[in-house]
Structure formats: structure tokens, C-alpha cells
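# got a sequence here, can you build the structure:
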Amino acid sequence: MRKQYAIDIDAGATDLLRNLNLYQIEVDVDAVARSLGAHVIYKDLDDDVSGFLLVEKNVRTIAVNSQHHQNRRRFTLAHECGHLHLHASRGDRLWLDKNLFFRDSSSSSGDQFAEVQANQFAAGILLPEGLVKSALGPNRPISEPDIMRLAVRFGVSERAMTVRLMSLDLIESVAA
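Next up is the predicted model:
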């Protein structure tokens, strides 16, 4: 069963896309970022850093690791847009999207939930529920080739597509 915050964030992402006339496959994430007032740069970052959002004196900068796969770059940009859309009212701040393999002080703070929310927003932007369901067509079992086809069509990884289909209760949990 989907959590209410996920339903609300998805609805907000869909509303944003519709208001921007970007509710289509494949979503132009750069246009979403620009509409939120962000300056987007693609640059070499440490491999464990996917990107970041810096809000400083009302200047909004999103940096995305140019060395990462295109699908990863799209997700990172959508994730940082999530921080911008959902959390930028917190004032000047840096959100750093870095792979961490340990629990730290932020794991038990509200920052961890902010990351969950930004991921949900990214999924809602890149894979809007209505467009995913429409692309699936009539009810039938979803096969691995279907997932691969949808991932390519939406410009996301097969893993991202699988996770989204599971979160929308369209497929059962699959082995990793």
C-alpha cells in the first residue's frame, strides 16, 4: 500500500509537469529545473557524488556529475529538482547527493526523510503514474522485455523502472 506522502508528492509532480506543458514521454528534466529557477551545470565530480543543489542568496544551482550515465544524470537532476521544489524554503543550503555506505548523524534526522521525498519527486517527474500506466497498455502480466522497453522509452534505468512499477503496485517484488 502506497504511503500518503508518496501519493501527494506524485500528484504535485504531475501537476507541475502539466502546468509546464511537459507532461509527456520523455520528460524534459532540464526544462523542469529551469522552470524552478535553477541554473544547471554538468561537470566532473568525484565518482561517489551524483550531484548537488546549492541555494545561496536566492541563487539556485544544480550540479550534475557529467561522468555518470545519462539515465543517472536525469535521475540526479530530477532528485535535485525535488529538493528545490519541496525543501528550498529552508533558506540557504547545500544538498549533496553522495553515496554513503554508513549511518551518520543525518540518518536519524529529518534530512534522511528529505532524501526519500526528493527520490519520490524524481520518480514522479521521470515516471508519472498516468503516463506509465498508459504506456503499459491493457492489463496483462508485465514481462522483463516490457520493463526494458519502458525504461528506454522513459529515459531511465531498468532498475528505476522496476522500482517505480513495484511502488505503483503494478508488479510484485522481484529478486535483485
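# every contact and neighbour count from this point should use C-alpha atoms.
Noted.
# quick one: low-confidence parts of the protein?
90, 98-111, 173-176 (pLDDT under 70).
# how much space between residue 15 and residue 82?
14 Å (C-alpha to C-alpha, to the nearest Å).
# compare these two (neighbour count), which wins?
residue 82 (29 against 15; other C-alpha atoms under 10 Å).
# now do the buried residues in the helix or strand containing the more buried one.
Under the criterion DSSP states H and E, the helix or strand holding residue 82 is helix 70-87. The neighbour-count check on helix 70-87 (16 or more other C-alpha atoms under 10 Å) flags 71-87 as buried.
# how about residue 138, secondary structure?
Secondary structure assignment for residue 138 (DSSP: H, G, I helix; E, B strand; the rest coil): coil.
# please name the residues that touch the spatially most central residue of the chain.
Nearest to the geometric centre of the chain sits residue 122, at 1.6 Å (C-alpha atoms, centre = their mean). Counting by C-alpha atoms under 8 Å, 6 or more residues apart in numbering, residue 122 touches 75-76, 78-79, 81-82.
# check which helix or strand covers residue 172.
Following DSSP H and E, there is no helix or strand that holds residue 172.
# count the neighbours of it for me.
Counted with other C-alpha under 10 Å, residue 172 comes out at 12.
# out of everything not next to it in sequence, what's closest to it?
For residue 172, ignoring the flanking residues on the chain, the nearest one in space by C-alpha to C-alpha, 6 or more residues apart in numbering is residue 166 at 6.0 Å.
# can you check residue 59 too?
Per C-alpha to C-alpha, 6+ apart, closest to residue 59 is residue 38, 7.6 Å.
# hang on, that neighbour packs against residue 58?
No. Contact between residue 38 and residue 58 fails when scored by C-alpha atoms under 8 Å: they sit 9.9 Å apart.
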